[in-house]
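*Asks:* here's my sequence, what's the structure:
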Amino acid sequence: MPVEQNTAEVTQLQSRQEQTEQELADLQTRLETMETGQSQDAQALTELDQRVGELETEITARTQSLASLEQIQSELQAQNEAASAELQRQINLLKAMELLSRARLFMYQSNFGLARQDVQIARDVLATVQPDAPESLADDLDEVIRRLDLTLFNLPDFPVAASDDLDIAWQVLLSGLPQAAPSLDGSGTPAPAVTPSSTPIATFTPTPQGTVQPSATP
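*Replies:* The predicted structure is shown next:
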C-alpha cells in the first residue's frame, strides 16, 4: 500500500510538473510574441518619428520659402511705390513748369487775370509736391512757393513786381527739374525776364480738357 500510494503521488507530481512546464512554455511563447510586437511597435514609432521629422523639415522649408517670397513681394511693392511716387512728383513739377511758362506768356500779353489763374494752379500743385520731396528739392520749392505767393499778391495791381517774382520762381523751379523744361522761345535756354507792356490782350477758349488757349486780338 505505501508503495502504491507513493507511486500515485509521484505520478501526480510528474503530471503537475508537466502541466507546469507546459504553462511555462506557453508563457514563454506569449512573452516572445509580446516582445516581437513591442519590437515592431518600437520600429513603427521610430519610422513615425522619422516621418514626422521629415514633415517638419518640409514645413520649415516651405515656411522659409513663403517668407522669402513675401519679402521679395514687399520689396518690389516698395520699389514700385517709390518709382510711382517719383514719377508722379516729376509729372507735377513739369505740369507746374508748363503752367508758369504759360503764365509768363499771359504776362507778355498783359492778361493778368489768366496769368494769375495759372500761377495759382501751379502754386497749389507745388504745395502738394513739397511735403514728400527730397530735402534739396523741398528747399527750392519753398522759395518757389514764396515767390509765387508774392506774384499772386502783386497781381494785377503791381505787374512789374509780379513779373520779377514769377521769373525768379520759374528759374528756381527750372534748376530743380530732372531735365530742362521747354523755354518760351524754343531755343533750349530760359526766356529773358518779361516786363509788362501795352501788348494786345489775350482772349481764350476753353478746350475739352479744361486748358486755356490764348489768342491775341487787336
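
*Asks:* does residue 110 sit in a helix, a strand or a coil?
*Replies:* coil (DSSP: H, G, I helix; E, B strand; the rest coil).

*Asks:* surely it is in contact with residue 160?
*Replies:* No - here residue 110 does not reach residue 160: they are 11.3 Å apart, not a contact under C-beta atoms under 8 Å. The way it works is simple: take the backbone N, C-alpha and C, and place the C-beta from them, glycine included.

*Asks:* the more surrounded of these two?
*Replies:* residue 110 (16 against 11; other C-beta atoms under 10 Å).

*Asks:* can you list the low-confidence ranges for the chain?
*Replies:* 1, 176-218 (pLDDT under 70).

*Asks:* and the residue sitting nearest the centre point of it, how far from residue 72?
*Replies:* When C-alpha atoms, centre = their mean is applied to the chain, the residue found nearest the centroid is residue 78 (2.9 Å). Counting by C-beta to C-beta, to the nearest Å, the gap from residue 78 to residue 72 is 11 Å.

*Asks:* check residue 149 too.
*Replies:* 46 Å.

*Asks:* which of those two has more neighbours?
*Replies:* The residue with more neighbours, out of residue 149 and residue 72, is residue 149; 15 against 10, by other C-beta under 10 Å.

*Asks:* wouldn't that one be in contact with residue 122 here?
*Replies:* No - between residue 149 and residue 122 there is no contact, the gap being 11.6 Å when judged by C-beta under 8 Å.

*Asks:* so residue 37 is in which element?
*Replies:* Assessed by DSSP states H and E, residue 37 sits inside helix 2-108.

*Asks:* and the next element down the chain from that helix?
*Replies:* helix 112-129.

*Asks:* so what touches that following helix?
*Replies:* 89, 92-93, 95-96, 99-100, 102-104, 106-107, 141, 144-145, 148-149, 151-152, 155-156, 159, 162, 166, 173, 196, 202, 204, 212, 214 (C-beta atoms under 8 Å, 6 or more residues apart in numbering).

*Asks:* for PyMOL, write a command that selects the buried ones of the residues you listed.
*Replies:* Selection of the buried residues among those in PyMOL, burial being defined by 16 or more other C-beta atoms under 10 Å:
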select buried, resi 89+92+93+96+99+100+102+103+104+106+107+141+144+145+148+151+152+155+159+162+166+173+196+202+214
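
*Asks:* count of neighbours near the residue lying closest to residue 99 once chain neighbours are set aside?
*Replies:* Using C-beta to C-beta, 6 or more residues apart in numbering and skipping residues adjacent in sequence, the residue nearest residue 99 is residue 122, 3.9 Å away. Neighbourhood size, residue 122 [other C-beta under 10 Å]: 28.
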